[in-house]
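Visitor: Fold the following and give me the result.
(one chain, ligands or ions: 2)
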Amino acid sequence: MQKILVINSKGGCGKTTLATNLASYFVSQGLSTALLDFDPQGSSIRWLSQRPKSGPEIYGVHVASRKNNTGVTRAFQKRVPPETERMIIDAPAGVTGYELKELVQMADTILVPVLPSSIDIHAVTRFIEELLVVAKVRQLGLNVAVVANRAKKNTLTYRSLERFLKTLKLPFITTLRDTQNYVHAAERGIGIHEMWDKRTESDKAQWRPLLRWLEDVYPVKTKRKIAH
Ligand SMILES: Nc1ncnc2c1ncn2[C@@H]1O[C@H](COP(=O)(O)OP(=O)(O)OP(=O)(O)O)[C@@H](O)[C@H]1O
Ligand SMILES: [Mg+2]
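Guide: Numbering: from 1, shown residues only. Ligands and ions are numbered 1, 2, ... in the order given. So this is what the prediction gives:
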């Protein structure tokens, strides 16, 4: 099972958007998929409840409260069906310290979405430092990558985010543009890979490097080959 944690201590940077679109992509590829929502707000689980009944099913777990409960994080993983091939974990904002370590230890792959704003750039610098120093993602051998989100290309803030991400010692995998397609998909409980109109084509193209990277870093061979 590939376990993908979507996390950034900064709120509103696109964690749920990335997590739900990933889950929707994997399930639409015929992979058995679970979505673990660690946010008390339960946005991913709400998204799941909006899913069309006719579509392929994603197994959802909402972990609403885990404070002061050592080991609870990983106990929830046991609730995921054993046949699960992709487990996506949607983290809440503000996770640090022990809680961060616990979540990180559940995963083999970590995605950090970042928005193009000076506040977000500043916040993610500290967060990445914490991932490396406190959560020790390198020592654990985890694959960590950064995704720029809500980009408006040719703006100064996007260019400074891009410059900043290229200086990191972590792979900067792709840039997702700012588009209502994600907002519409979220309302319908689907992802952009389940939308077929032409307007989503450039978004799907932006996802391709990320999907390829996820497949490359997953060491265990999957039975089914995924078409990008
Ligand atoms: N690429 C995008 N284009 C347009 N809107 C987006 C994009 N990504 C996210 N959004 C919107 O931005 C808002 C915040 O995104 P999201 O909920 O995914 O962030 P989050 O990191 O999960 O937030 P929180 O920290 O509250 O959990 C949502 O309304 C979402 O629809
Ligand atoms: Mg969220």
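
Visitor: just the helices in the chain please.
Guide: Ranges of helices in the chain, per DSSP state H, are 15-28, 43-49, 72-77, 97-104, 118-133, 156-167, 180-188, 201-217.

Visitor: so which of those helices gets nearest Gln2?
Guide: For Gln2, the closest of the helices of the chain is helix 201-217, at 7.2 Å, according to C-beta to C-beta. Using the backbone N, CA and C atoms, a C-beta is placed for each residue, glycine as well.

Visitor: neighbouring contacts of the closest one?
Guide: Identification of contacts with helix 201-217 by C-beta atoms under 8 Å, 6 or more residues apart in numbering yields 2, 4, 21-22, 25, 109, 111, 143, 145, 147, 171, 173-177, 179, 181-182, 192-193, 226, 228.

Visitor: Assess the claim that Gly42 and Gly60 are in contact.
Guide: No. Using C-beta atoms under 8 Å, Gly42 makes no contact with Gly60, being 9.7 Å away.

Visitor: what's the angle from the longest strand belonging to the chain to helix 180-188?
Guide: When the chain is parsed with DSSP state E, its longest strand is strand 143-151. Angle of strand 143-151 versus helix 180-188, following axes from the mean of the first three to the mean of the last three C-alpha atoms, to 10 degrees, is 100 degrees.

Visitor: Let me know whether strand 143-151 sits next to ligand 1.
Guide: Yes. Residues of strand 143-151 contacting ligand 1 under C-beta under 6 Å from any ligand atom: Asn149, Arg150.
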